[in-house]
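In: Sequence and predicted structure, then a few things I'm wondering about:
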Amino acid sequence: MEFKIAEVAERIRTLREILEISLEEMAQVTGMSTEEYQRYESGECDFSFTFLFNCANRFGVDLTDLVSGEEPHLSGYSLVRRGQGLVIKRREGFQYQNMAYLFKHKMAEPFIVTAPYSKEMENAPIALSCHAGQEMDLILSGTLRFYHDGHEEVLNEGDCVYYNSIRPHGMVAAGGKDCVFLAVVMKKD
């Protein structure tokens with residue numbers, strides 16, 4: 001599925017208006033100024049995963065609703081084969097595959113994430129984000145430089161980190177190759 005910024009922006013604007021949520025409130029929810037939020041909502045800027053996640057949570061809809069415009073419909077179980085997750089390319093080349101996009105009323109969003117290796121980014125300051133809930137990241141291959149609220153760790157294949165995602169966190173691939181990890185983002189009630 002191709003991610004179309006203008007279509008996603010229109011869904012966000014429409015939901016905000018239907019739910020009668022002010023621009024100021026959405027700016028606060030997404031951690032930006034009202035003017036910056038308006039640029040995202042008008043489709044002028046590409047979205048980060050955190051922006052989309054925060055919008056979906058505030059609107060009370062599934063992340064899949066915002067990204068694809070289709071409501072998840074499975075409730076017993078959902079099977080997504082390798083390489084068939086709903087692809088979201090966000091944040092400096094990071095690729096997210098939503099592995100439960102067909103399941104409705106999820107308590108968590110599981111993703112296979114590919115963090116691209118960049119020699120320039122490996123030792124640069126890590127871009128940070130925050131979103132409500134908790135997160136678990138399990139390294140499947142490669143090495144990840146992980147930062148959380150003043151602490152930095154290097155994670156290798158098989159390592160797992162669980163954290164409060166309301167605090168500033170971020171990650172970059174390290175060690176000369178891409179890093180692939182399972183990220184499970186748990187929503188806050």
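Out: Received it, and whenever you're ready, just let me know what you need.

In: packing partners for the helix or strand hosting Arg145?
Out: Assessed by DSSP states H and E, Arg145 sits inside strand 143-148. Under the contact definition 3 or more Cβ pairs under 8 Å, 6 or more residues apart in numbering; DSSP states H and E, strand 143-148 sits against strand 151-156, strand 160-164, strand 169-174, strand 179-186. Bear in mind the C-beta positions are built from the backbone N, C-alpha and C, glycine included.

In: Relative to Pro116, which of the ones you listed is closest?
Out: strand 169-174 (6.2 Å; Cβ to Cβ).

In: Please work out how many residues are found near the closest residue to Pro168 other than its chain neighbours.
Out: Leaving out its chain neighbours, the residue that sits closest to Pro168 by Cβ to Cβ, 6 or more residues apart in numbering is Leu128, at 4.1 Å. By other Cβ atoms under 10 Å, 14 other residues sit near Leu128.

In: correct me, but Leu128 touches Gly170?
Out: Yes - assessed by Cβ atoms under 8 Å, Leu128 is found in contact with Gly170 at 4.4 Å.

In: ranges for the helices of this protein?
Out: Using DSSP state H, the helices of the chain run over 5-18, 23-30, 34-41, 49-59, 63-68, 119-122.

In: Which of those helices has the lowest mean pLDDT?
Out: Lowest mean pLDDT of the helices of the chain: helix 63-68, a mean of 83.

In: can you list the weak-confidence ranges in the chain?
Out: Across the chain, the ranges flagged by pLDDT under 70 are 1-3, 89-92, 189.

In: returning to what we had before: of the helices and strands packed on strand 143-148, which is nearest Glu36?
Out: strand 169-174 (18.9 Å).

In: Give me the contact list for the closest one.
Out: 115-118, 121-122, 124, 126-130, 135, 137, 142-149, 154, 163, 179 (Cβ atoms under 8 Å, 6 or more residues apart in numbering).
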